[in-house]
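# Below: sequence and its predicted model.
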Amino acid sequence: MFQQVPMVEIDGMELVQSRAILNYITAKHNLYGRDTKERALIDMYIEGVADVNEMILLLPISPPAEKDAKITLIKDRTANHYLPAFEKVLKSHGQDYLVGNRLSRADIQLVELIYYVEEIDPSLLTNFPLLKALKARISNLPTVKKFLQPGGARKPPVDEKILEKARKILKF
């Protein structure tokens, strides 16, 4: 529609815009809470994940002179702000998932973030046993497990070759 990607063909539709795609899949598969209160919590957690995710996703295109400082900032904000907040949510209600004791989009996106964080520094998860347990629980769901296997659909970390190709395509 807007001459861009991502574009997903699903249920006879061509959906574009990441949030629209995620919202459709989330609603279709009952991953968006049982009521407006649960949906608000899910949205809040997703936005927290997005804060860290944005810092991580911009890291490969950062000027080399700024990379170390950005990595330090990511580690600090992740270990001292975001991961403790998510750990506290899980601890506060003693349930296996962030909202309503059932799998939601927030859990999936948080686990995706945990994988990104571990690519930067695996030790950042050391003090967060409930987040490690959430990661294990979600990573062992059959469809997620298949996705994560070597040769699965999960993209490898960005390396210099992929980054250079992106720079040429995006002309920056």
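Structure received. Numbering: from 1, shown residues only.
# Can you point out the buried residues in the helix or strand containing Tyr115?
Per DSSP states H and E, Tyr115 falls inside helix 105-120. Buried positions in helix 105-120, judged by neighbour count with 16 or more other C-beta atoms under 10 Å: 105-114, 116-117, 120. C-beta here means a position set from N, CA and C on the backbone, and glycine is covered the same way.
# For those, could you give me CSV that also reports pLDDT and distance to Tyr32?
Shown next, in CSV, are the buried residues of helix 105-120 (pLDDT from 0 to 100; distance: C-beta to C-beta, whole Å):
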residue, pLDDT, distance to Tyr32
Arg105, 96, 6
Ala106, 97, 9
Asp107, 97, 12
Ile108, 96, 11
Gln109, 96, 12
Leu110, 97, 15
Val111, 97, 17
Glu112, 94, 17
Leu113, 96, 18
Ile114, 96, 21
Tyr116, 93, 23
Val117, 94, 24
Ile120, 92, 29
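# Now do the helices in this structure.
Secondary structure of the chain by DSSP state H: the helices cover 18-28, 36-58, 64-77, 83-93, 105-120, 129-139, 142-148, 160-170.
# weakest of those helices by average pLDDT?
Per-segment mean pLDDT for the helices of the chain reaches its minimum on helix 160-170, at a mean of 74.
# quick one on the thing from earlier: would you convert the buried residues of helix 105-120 into JSON lines that also reports distance to Tyr45?
Listed next are those as JSON lines, based on distance: C-beta to C-beta, whole Å:
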{"residue": "Arg105", "distance to Tyr45": "9"}
{"residue": "Ala106", "distance to Tyr45": "4"}
{"residue": "Asp107", "distance to Tyr45": "8"}
{"residue": "Ile108", "distance to Tyr45": "11"}
{"residue": "Gln109", "distance to Tyr45": "8"}
{"residue": "Leu110", "distance to Tyr45": "7"}
{"residue": "Val111", "distance to Tyr45": "12"}
{"residue": "Glu112", "distance to Tyr45": "12"}
{"residue": "Leu113", "distance to Tyr45": "10"}
{"residue": "Ile114", "distance to Tyr45": "13"}
{"residue": "Tyr116", "distance to Tyr45": "16"}
{"residue": "Val117", "distance to Tyr45": "15"}
{"residue": "Ile120", "distance to Tyr45": "20"}
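# All good on my end, thank you.
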